[in-house]
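Asker: I'll drop the sequence and a predicted model, then ask my questions.
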Amino acid sequence: MNDQKQHWNELHTKGKLKDYAKKQTTFADEVIAHFPTDAKVLELGCGLGNDSFFFATQGHTVIATDFSETAIEENKIHYQSQQNLSFQVVDISKPLPFEDNEFDVVYARLSLHYFTDAVTKQVFNELNRILQPKGLLCFLCKSTDDSLYGQGKQIERDMFEYKGHVRHFFSMDYAKQCLSNKYEIKLSEDGKEEFYDRQSAFIKIIAEKM
């Protein structure tokens with residue numbers, strides 16, 4: 001399987017994603033209405049930091065993480081004047097370096113769909129651990145209806161490597177299975193939207209930890 005950290009570091013070094021990060025995403029606009037006041041927010045896979053910056057400007061305290069050292073170093077410089085916003089290199093596939101019940105919100109846009117089934121289940125266990133009771137898990141993943149599904153080399157069920165990019169496509173049933181009856185689902189939606197100049201199919205979930 002291609003080295004995904006190298007893949008993303010190269011994309012950030014070449015500035016390939018900067019045009020897509022000039023403002024917050026539509027998903028960030030949607031989920032923030034569900035945040036409690038003055039929430040402590042963890043973003044997983046923050047990329048260029050535009051969503052985390054938006055959350056911080058709305059009064060929330062945000063820790064923005066990514067496994068790309070290049071992205072994190074650029075964000076530390078670009079957003080250094082923004083209060084309540086910090087950046088940290090974190091590999092989601094490993095145990096998360098945070099305390100139990102530490103966060104009011106975990107936000108993950110297009111960052112949870114890169115792992116094998118076994119690792120994905122471990123990730124969701126970690127997210128449940130670090131969320132407070134009644135905390136929100138907000139995530140958006142590529143779905144099995146996406147046009148890229150099935151292209152490239154198959155790694156395991158619903159997981160493929162295509163042109164150096166690994167994706168584990170989620171069905172709605174699989175997303176709910178990952179939540180494993182530990183959450184009350186506030187919003188579940190599948191559909192299509194333009195991500196990075198192409199139509200993509202997605203699974204969208206906002207769930208409250210029981």
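Answerer: Looks like it came in fine. These figures come from a predicted structure and were not determined experimentally.
Asker: Disregarding flanking residues, what is the spatial nearest neighbour of Tyr183?
Answerer: Nearest non-adjacent residue to Tyr183, counting by CB to CB, 6 or more residues apart in numbering: Ala207, 3.7 Å away. Where C-beta positions appear, they are placed from N, C-alpha and C, glycine not excepted.
Asker: Equivalent analysis for Tyr149, please.
Answerer: Phe169 is the one closest to Tyr149 (CB to CB, 6+ apart), at 5.0 Å.
Asker: Enumerate every residue touching that neighbour.
Answerer: Taking CB atoms under 8 Å, 6 or more residues apart in numbering, we find Phe169 in contact with His113, Cys141, Lys142, Ser143, Thr144, Asp146, Leu148, Tyr149, Asp158, Met159, Phe160.
Asker: Neighbour-wise, which one of those residues leads?
Answerer: Neighbour tally across these (other CB atoms under 10 Å): the maximum, 26 neighbours, falls on Cys141.
Asker: other SSEs contacting whichever helix or strand that residue is part of?
Answerer: Applying DSSP states H and E as the criterion places Cys141 in strand 131-142. In this structure, strand 131-142 packs against helix 26-31, strand 103-109, helix 172-179, strand 198-209, with contacts taken as 3 or more CB pairs under 8 Å, 6 or more residues apart in numbering; DSSP states H and E.
Asker: Repeat the analysis, applying 10 Å as the threshold.
Answerer: With contacts taken as 3 or more CB pairs under 10 Å, 6 or more residues apart in numbering; DSSP states H and E, strand 131-142 sits against helix 26-31, strand 40-44, strand 103-109, helix 117-130, strand 165-168, helix 172-179, strand 183-195, strand 198-209.
Asker: Lys182 and Met210 touch, don't they?
Answerer: Yes: the pair Lys182 / Met210 is scored as a contact, 5.9 Å apart, by CB atoms under 10 Å.
Asker: Among the two, which residue is more densely surrounded?
Answerer: Looking at Lys182 and Met210 with other CB under 10 Å, you find the greater number of neighbours at Lys182, namely 15 against 11.
Asker: what sits against the residue nearest to that one when sequence neighbours are not counted?
Answerer: Nearest residue to Lys182, sequence neighbours excluded (CB to CB, 6+ apart): Asn128, at 5.4 Å. Applying CB atoms under 10 Å, 6 or more residues apart in numbering to Asn128 gives the contacts Asp100, Val106, Gly135, Leu137, Leu179, Ser180, Lys182, Tyr183, Lys209, Met210.
Asker: how about those residues, which pair is most distant?
Answerer: Spatial extent of these (CB to CB) is set by the pair Asp100 and Leu179 at 18.3 Å.
Asker: which one of the two has more residues nearby?
Answerer: Taking other CB under 10 Å, Asp100 and Leu179 do not tie; Leu179 has more neighbours (20 against 9).
Asker: pretty sure that one contacts Ile205?
Answerer: Yes: in this structure, Leu179 is within contact of Ile205 by CB under 10 Å, at 7.4 Å.
Asker: Name the residues contacting each of the two.
Answerer: In contact with both Leu179 and Ile205: Leu137, Phe139, Ile185, Ser188, using CB under 10 Å, 6+ apart.
Asker: Of those residues - the most surrounded one?
Answerer: Phe139 (27 neighbours).
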